[in-house]
Structure formats: C-alpha cells, structure tokens
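Engineer: how would this look folded up:
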Amino acid sequence: MGIPITPIWELRDIIVEAGATDIYKCYQCGKCASVCPWYQTEAVNFSTYKFPLAAQLGRIASSEDKEALSREVEEVYRCVGCEACVEQCPQGVNIPNILRAVRRILVDYGSYPDTLKPVVSKIHNVGNPLGEPQEKRADWARDLAIPFFQSDMEFLYFPGCFPAYDPRLRKVASSVAKILKKADVSFGILGEKEWCCGEAIRRAGAEKIFQEAARANISAFKEAGVKKIAVTSPHCFTTFKNEYPELGGNFEVLHTTQLLDQLIKEGRLKLKKPNQLNKLNELREPNDSPTQQLNNSIKVVYHDPCTLGRQNGIYEEPRDVLRSIPGLELVEIENFSRQFALCCGGGSGGLWLDWPKGERMADARVQQALDTGAEILAVACPYCLQMFEDSVKTMNLDLQVMDVSELLAEAL
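Structural biologist: Below is the predicted model:
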C-alpha cells in the first residue's frame, strides 16, 4: 500500500506539513540533475527536478497499480541525501527534505523498502541498526583501558554504531582512542547507555523512532554531565550538532578530524612515517618512476563525505591531518573534490539498499580515486569506508581504503 487515494490539494498539504516546504520554489531548471551522483552511473536516469512538481500535484507514490507503486517507492528511496542538488540550486530547493517528507508518510503506512524495515525495528528494540546487544556496545574498548565518562572529563567519545560493533570499523574507534590517549585528552565513553544517533532512519522517514533514539541519547548525555562530544561518524556529527537542539539537546560537537587537527597544531602529537606506508613501499614494482622511488612517498586521496563536507563545511581539517603525516603525498580528484565530491551512496538508508551492478555510485567514486594514481583512499566516515571497501573488493582493485584516524594512529 502506498499513500492512500486523497484529493490532490489534501495530499499536497500533508506532504508540505511533513517538511516539504520548498516545493513551490522550484522552477524546473534542471541544474540539480546534472550534479546528482546518479548522473555518474550509466544505468540510471534519475530526474531529481521532477519531485517538487510531483509533490505540488500530489502525484508521488500514489499509483493504484502494485508494480507501478513499487517503482515509484524505489524512486523516492533512490535519493541518498547527499545535497549536491541543494549546493547548486539557484533557489536553494532542498529536494532531500522534500523526499524525506514523502518518506515519512510512506513509513506511516508501512510502504517503504523491506530492507529498511529491520533496521528501523532493530534501532527501536535494541538501540542500534545491527541488532547487537546493548551490553556489548563497549566491547571494542575492552583492551584499551578506556574509562566510562565522568562529568569532570572534557570529552565524551561517541564512536557510533558501526565502529562499536563491526569488526572492521572497530579498528577506527580503537585508532581514535589511542590517539586521544597519546595526546593526553580527558575523555570517556558511555558504552551500553548509547543509542544510535538516528540520522539514517530520520532520513529514511522513520521520524517517531528517530525521536525515540534522540531522546534516549539526550537523556543519557545530560545525566552524565556531557558538554563536549567527539564523534567518528559525520552522520552522528550533523545530528547531534544540527538536529538534537530541536529536542533540547545542546552540546558542543566535534568531528574527530577537527579534534585531531587541533591536537596536531597544538603540538600534542609527534608524528613519524607510518608502518603501513613502509609496507606499501615494499610492495611497489621495481619499474616505478625514479621520482617516486626517490621521495619514497605514498599517494593518498581524500574523499569528502557529503555529511561532513557539503552539509557542514568541513573540508580542510581532514586534509591538514593527512598533510601532517610524514611520507604521505596528498592528491585530489580533479573536478570532483570538496563541495563537488561524488557521494558514496550510503546516506539516507542507501547503506542497506542493494543496488545492482551498474547502479553503485561507490564504484564510480572508487574509479575516480584510482585514476589519481593514489594507493590509499582516505575517508572520514564509517559509511564511506564500508561502501568503498565493498566496491574495491567487487571491482578487484589494488587500492587501500583507510580512515584518516587509522593513518594518523600508525604515525604515532
């Protein structure tokens, strides 16, 4: 079942009330379509500019035919919320917000992708999208002697769901913790008292569960006396910083790349050439260019996460961290860097949607990174790391994907 048959004006008003306040500002110029990341995939024709007009006409996910409705819902959930369209729109129309409003209505009627339903259910039941027990949320820190947060500590470190549970991404949380300890930063964790930040499910349309998760975190933070939060995920960052204040949660929030850059510039970290770079040098072919053999540096390209970059304007801090690491040569993806960066495809629920080969924007982004000649693709987002590692594996490429914090931790 989609959105029930309703008079056009009534459905339009319902969509506007759900958050689609920009639908009247669009004049169909089409600039949004040219910067949408789906434009970089050969198999998809995704005309983003059609949604504001369709919302005005009450013609979104309203088909009475089951197959047609399924296709319409898939189109609504194809948007990954990267906001490249917002960046380029002369009227500032926020199409992701329009689609989020439609998704809220679809979720209320249970008419949203089946792959997202367990995610929403798991966050509601156990506080994280992986369905893992809350009591195991601090297991990643067990061997690191990280204390639980006390009110006299400067920072709460909030690793996020995937870095807390996923075996690969736990390495990112561990790297951040080791760096903070090395710099003598006063910090702790909340462990099982933490819930998912809720950003992904809010963008997927599950507003009620988002507010449930947000209120649980806000309550836990306030009870513990938290004032400053350092986060690994840009999705946690933007939610804590920009959306929790709506619900009374006002905290100072730093993404880990901001904090790490600050620690380096304050002279609290002494860096050397990372072991990982020495290993890569050993694997190089004998016929590498003389210049490359002489300077013995490793090329690294940084990918700007949409949520950290376009949505929060954090572009230079991650790059400054990478530039500070001996033995790294930072290169850029021409024409697709900073505010023009191509999305990994993991946002707004995309992490859990299974797009077929030819419809994976992460593949296109990995190829862009490879074309720079880089040997390491550096990221600052758990979603990006997961999406890119999957693409590297399926494309059978010789490219390492590492979080900025992992590279920095190896340079200590």
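Engineer: drop to CA atoms for contacts and neighbour counts, all remaining ones
Structural biologist: OK.
Engineer: just give me the neighbour total for P356.
Structural biologist: 8 (other C-alpha atoms under 10 Å).
Engineer: the stretch 301-412 of the chain: helices as residue ranges?
Structural biologist: 316-323, 361-371, 382-395, 404-410 (DSSP state H, counting those that start in this stretch).
Engineer: how about those helices in a markdown table, adding mean neighbour count and mean pLDDT?
Structural biologist: Converted to a markdown table, the helices of the stretch 301-412 of the chain look like this (neighbours: other C-alpha atoms under 10 Å; pLDDT from 0 to 100):
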| stretch | mean neighbour count | mean pLDDT |
| --- | --- | --- |
| helix 316-323 | 19 | 98 |
| helix 361-371 | 21 | 96 |
| helix 382-395 | 20 | 97 |
| helix 404-410 | 22 | 97 |
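Engineer: export those helices to a markdown table and tack on distance to L342?
Structural biologist: Formatted as a markdown table, the helices of the stretch 301-412 of the chain follow (distance: least, C-alpha to C-alpha, whole Å):
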| stretch | distance to L342 |
| --- | --- |
| helix 316-323 | 17 |
| helix 361-371 | 6 |
| helix 382-395 | 11 |
| helix 404-410 | 18 |
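Engineer: nearest to S151, out of these?
Structural biologist: helix 404-410 (25.7 Å; C-alpha to C-alpha).
Engineer: where's the nearest residue to K178 once chain neighbours are set aside relative to L322, distance?
Structural biologist: When the adjacent residues along the chain are set aside, K178 lies closest to A409, with 6.9 Å between them (C-alpha to C-alpha, 6 or more residues apart in numbering). Per C-alpha to C-alpha, to the nearest Å, A409 is found 11 Å from L322.
Engineer: pretty sure L412 is touching L271, no?
Structural biologist: Yes. Counting by C-alpha atoms under 8 Å, L412 touches L271, with 5.0 Å between them.
Engineer: for this structure, just list every one of the strands.
Structural biologist: With DSSP state E as the criterion, the chain has strands at 155-158, 187-188, 228-231, 252-255, 298-302, 328-331, 376-379, 400-403.
Engineer: partners of the shortest one in the sheet?
Structural biologist: In the sheet containing strand 187-188, the strands it pairs with under DSSP bridges are strand 155-158 (parallel).
Engineer: any idea of the mean pLDDT in the strand it pairs with?
Structural biologist: In this model, strand 155-158 has a mean pLDDT of 98.
Engineer: which parts of it are buried?
Structural biologist: 155-158 (16 or more other C-alpha atoms under 10 Å).
Engineer: domain ranges for this protein, per the record?
Structural biologist: 8-108, 127-260, 270-410 (automatic domain parsing).
Engineer: and D114, which of the ones you listed is closest to it?
Structural biologist: domain 270-410 (9.3 Å).
Engineer: quick one: end-to-end length of that closest one, please.
Structural biologist: Using C-alpha to C-alpha, first and last residues of domain 270-410 are 11 Å apart.
Engineer: check contacts around the closest residue to N97 other than its chain neighbours.
Structural biologist: Sequence neighbours aside, A20 is the residue nearest to N97 in space, at 6.0 Å (criterion: C-alpha to C-alpha, 6+ apart). Neighbouring residues of A20 by C-alpha atoms under 8 Å, 6 or more residues apart in numbering: 97-102.
Engineer: at 10 Å instead, please
Structural biologist: Neighbour list for A20: 12-14, 52, 55-56, 93-102 [criterion: C-alpha atoms under 10 Å, 6 or more residues apart in numbering].
Engineer: buried only: go through the residues you listed for me.
Structural biologist: 12, 14, 52, 55-56, 93-102.
Engineer: of these, just say which sits nearest to E389.
Structural biologist: Nearest to E389 out of the buried ones among the contacts of A20 is P96 (C-alpha to C-alpha; 25.9 Å).
Engineer: tell me, how many neighbours does the nearest residue to D108 once chain neighbours are set aside end up with?
Structural biologist: Using C-alpha to C-alpha, 6+ apart and skipping the chain neighbours, the partner closest in space to D108 is A206 (7.9 Å). Residues lying near A206 (other C-alpha under 10 Å) number 24.
Engineer: L399 and A409, how far apart?
Structural biologist: Distance from L399 to A409, by C-alpha to C-alpha: 20 Å.
Engineer: if you could redo that for P318, that was the one I meant.
Structural biologist: 14 Å.
Engineer: wait, P129 sits on T115?
Structural biologist: No. Applying C-alpha atoms under 10 Å, one finds P129 not in contact with T115, separated by 11.6 Å.
Engineer: please name the residues that touch D320.
Structural biologist: 257-258, 260-262, 264-265, 330.
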